[in-house]
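Engineer: The following comprises the amino acid sequence and a computationally predicted model.
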Amino acid sequence: MLSSLLVLSLLSSVLQPALAVTIDTEGLPDTGLDTSSWTAGVLPPLEDIWDLNDMQIAAKNVLSGKYYASYRTAALNEYTYQANLGIYSKVRLNGFGFRDVSNLQTSTTILGYNFSQPFFIAPAANAGHANKTAEKSLASAAGKAGILYVPSISSTLSIETIAKAGVKGQVMFHQEYIWSNTSQVIDELDRIKAAGFKAIFLTVDNTGINGIRTRSMRYTDGSETGHSANFDLNSLAAFRNLTTLPIVPKGIKTWQDAKTCLELGFPAIYVSNHGGRVLDGVPTAVEILMDIRKNAPEVFAGMEVYADGGVRRGTDALILLALGARAVGLGRPPMFANIWGEEGVSRLISLFAQEMATSMQLMGVADVSQLNTSYHSDALAWSLGPNT
Ligand SMILES: Cc1cc2nc3c(=O)[nH]c(=O)nc-3n(C[C@H](O)[C@H](O)[C@H](O)COP(=O)(O)O)c2cc1C
Ligand SMILES: *[C@@H]1O[C@H](CO)[C@@H](O)[C@H](O)[C@H]1NC(C)=O
Ligand SMILES: *[C@@H]1O[C@H](CO)[C@@H](O)[C@H](O)[C@H]1NC(C)=O
Ligand SMILES: *[C@@H]1O[C@H](CO)[C@@H](O)[C@H](O)[C@H]1NC(C)=O
Ligand SMILES: *[C@@H]1O[C@H](CO)[C@@H](O)[C@H](O)[C@H]1NC(C)=O
Ligand SMILES: *[C@@H]1O[C@H](CO)[C@@H](O)[C@H](O)[C@H]1NC(C)=O
């Protein structure tokens, strides 16, 4: 009796080897992703993946809890992280008829360099947690698609290795942090320039410290950063003397700081709340861009403005572009897509480009340079409240 039960249970485990995996999708929009044929811990087929959120769920299925948390984490209650994802559902886009959209143009320039798309791969540390190809697959997928990649100074691979991973003639920028060790800053800026990177995204929002990221602190304490806590306007002036590369302050969260950067003659700013990983409670890119439009509109005429945070759909990017951003960054999605290496990152780029092009065409926009606030419904101000 006992042995026949054992045989039965053995048989059924052979007949159903891969029990359907159930993955908590964290409230992401339900677009019908079916994970019932997936095996926990195993890379699902890329053919199952139809949007950027699918890639996050796939990464959650494959990566260890620790590594998934390191990418997904955000500060404190993650209000800003959630607001980043949610804000785009509150903004309405106008779709105009009676326009010739037979010849779509998505290419643009960023700091004067040509790129095929107005979106780029934002700096994100430790790509090697997703795949052994680490930043190499991000660089080559970006290069083949003609889009910008900006590696993090906290990358898995060295500055020089990433520089060589791209395609011939590929233009990349590089992110840098404000280390309290000035020799380290000088050394890295020299190496970034020597390796051929064309600009520096200088992250100014970790003012000596990281946000408290509870979700990842359960695995590791990430509080020691080596970042400078006394980086003021004098330090900024001194920093600008350390390199001849153009510098773009990243992590601008107020119209006042945007205006200061304009007055100091920076060629561009990067509006970002660091994917909600730094100060919880700060506004989203949509709200910051609207604040700048209201209080310091001269910023948009005087310099290039890039933006990021929660961008997961082509329409999210179009919303930021219509509010005055020239280019839009993707942070977590390329890190998740990298579980398949270059192939995953390439699929992400083409899915996202397709969403953008399709939505542009449906909005009556033939060229990304035409995007302006006329593409936002007047309902925008109403839905975001009296301050906007
Ligand atoms: C895993 C991870 C690592 C990051 N590392 C850096 C970094 O080293 N330097 C930096 O300036 N920003 C870093 N960021 C912030 C991104 O550049 C970007 O601002 C943010 O991820 C955009 O939000 P999104 O992830 O919702 O697209 C990181 C973000 C993530 C998710
Ligand atoms: C950028 O594109 C423009 C317009 O297509 C072209 O005239 C210019 O030569 C290109 N510049 C570079 C550096 O490729
Ligand atoms: C500062 O940076 C330099 C150059 O990278 C390095 O040689 C030195 O050990 C660092 N000093 C400290 C105190 O970490
Ligand atoms: C930066 O360099 C310029 C020109 O060499 C010099 O006049 C200025 O004092 C320097 N500024 C700082 C803060 O080092
Ligand atoms: C990494 O990417 C490669 C393709 O470059 C892929 O074959 C491999 O399965 C991926 N996963 C890991 C864990 O390296
Ligand atoms: C916005 O773009 C549309 C279409 O390109 C144009 O007709 C309109 O004049 C622009 N509006 C503003 C305020 O620039």
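Structural biologist: Yep, it's here. Ligands and ions are numbered 1, 2, ... in the order given.
Engineer: quick one: is the lengthiest helix in the chain near ligand 6?
Structural biologist: In terms of residue count, the longest helix belonging to the chain (DSSP state H) is helix 342-363. No. Helix 342-363 stays clear of ligand 6 (CB under 6 Å from any ligand atom), getting no nearer than 10.2 Å. C-beta coordinates here come from the backbone N, C-alpha and C atoms, glycine included.
Engineer: chain center to that helix: distance?
Structural biologist: Per CA atoms, centre = their mean, to the nearest Å, the displacement of helix 342-363 from the mean C-alpha position of its chain is 15 Å.
Engineer: Restricting to C-alpha, output that helix in CSV.
Structural biologist: C-alpha atoms of helix 342-363 as CSV (Å, rounded to 0.1, in the frame of the first residue of the first chain):
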residue,chain,number,x,y,z
GLU,A,342,22.7,41.2,-25.5
GLU,A,343,19.7,39.5,-27.1
GLY,A,344,17.5,40.6,-24.2
VAL,A,345,18.7,44.1,-24.3
SER,A,346,18.2,44.3,-28.1
ARG,A,347,14.6,43.0,-27.7
LEU,A,348,14.0,45.7,-25.1
ILE,A,349,15.2,48.4,-27.4
SER,A,350,13.2,47.2,-30.3
LEU,A,351,10.0,46.7,-28.3
PHE,A,352,10.3,50.1,-26.7
ALA,A,353,11.2,51.8,-30.1
GLN,A,354,8.1,50.2,-31.6
GLU,A,355,5.8,51.4,-28.8
MET,A,356,7.2,54.9,-29.2
ALA,A,357,6.9,55.0,-33.0
THR,A,358,3.4,53.5,-33.0
SER,A,359,2.2,56.0,-30.4
MET,A,360,3.9,59.0,-32.2
GLN,A,361,2.0,58.0,-35.4
LEU,A,362,-1.3,57.7,-33.5
MET,A,363,-0.7,61.2,-32.0
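Engineer: Show me what that helix is packed up against.
Structural biologist: helix 52-62, strand 119-121, helix 134-145, helix 314-322, helix 332-337 (3 or more CB pairs under 8 Å, 6 or more residues apart in numbering; DSSP states H and E).
Engineer: Give the full set of residues in contact with residue 358.
Structural biologist: Residues near residue 358 by CB atoms under 8 Å, 6 or more residues apart in numbering: residue 314.
Engineer: Quick one: neighbours of the one residue in the chain that gets nearest to ligand 5, just the number.
Structural biologist: Using CB to the nearest ligand atom, the single residue of the chain nearest to ligand 5 is residue 341, 2.6 Å away. Close neighbours of residue 341, defined as other CB atoms under 10 Å, add up to 20.
Engineer: Confirm for me that it is in contact with residue 135.
Structural biologist: No. Using CB atoms under 8 Å, residue 341 is not in contact with residue 135; the gap is 11.3 Å.
Engineer: gap between residue 265 and residue 303?
Structural biologist: Going from residue 265 to residue 303 by CB to CB, to the nearest Å gives 9 Å.
Engineer: between those two, which one's more packed in?
Structural biologist: Higher neighbour count among residue 265 and residue 303: residue 303, with 17 against 9, using other CB under 10 Å.
Engineer: and the more buried one, what pLDDT?
Structural biologist: pLDDT, residue 303: 98.
Engineer: wait, does stretch 140-159 make contact with ligand 3?
Structural biologist: No. Against ligand 3, stretch 140-159 shows no contacts by CB under 6 Å from any ligand atom, the least distance being 11.8 Å.
Engineer: quick one on the thing from earlier: need the contact list for the residue of the chain closest to ligand 5.
Structural biologist: 131, 133, 137.
Engineer: Kindly report the residues of the stretch 201-350 of the chain close to ligand 5.
Structural biologist: 340, 341, 342.
Engineer: so can I have CSV of those showing pLDDT and distance to residue 119?
Structural biologist: Shown next, in CSV, are these (pLDDT from 0 to 100; distance: CB to CB, whole Å):
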residue, pLDDT, distance to residue 119
340, 98, 19
341, 98, 20
342, 98, 18
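Engineer: Distance of the closest residue to residue 240 other than its chain neighbours relative to ligand 6?
Structural biologist: Spatially, and ignoring its direct neighbours in sequence, residue 240 is nearest to residue 247 (6.1 Å; CB to CB, 6 or more residues apart in numbering). Separation of residue 247 from ligand 6 (CB to the nearest ligand atom, to the nearest Å) stands at 29 Å.
Engineer: The residue of the chain closest to ligand 5 and ligand 1: what is the separation?
Structural biologist: Distance of residue 341 to ligand 1, given as CB to the nearest ligand atom: 17 Å.
Engineer: Tell me, what's the model's pLDDT at the residue of the stretch 51-200 of the chain found nearest ligand 4?
Structural biologist: Per CB to the nearest ligand atom, the residue of the stretch 51-200 of the chain with the smallest distance to ligand 4 is residue 182, at 11.8 Å. On pLDDT, residue 182 comes in at 97.
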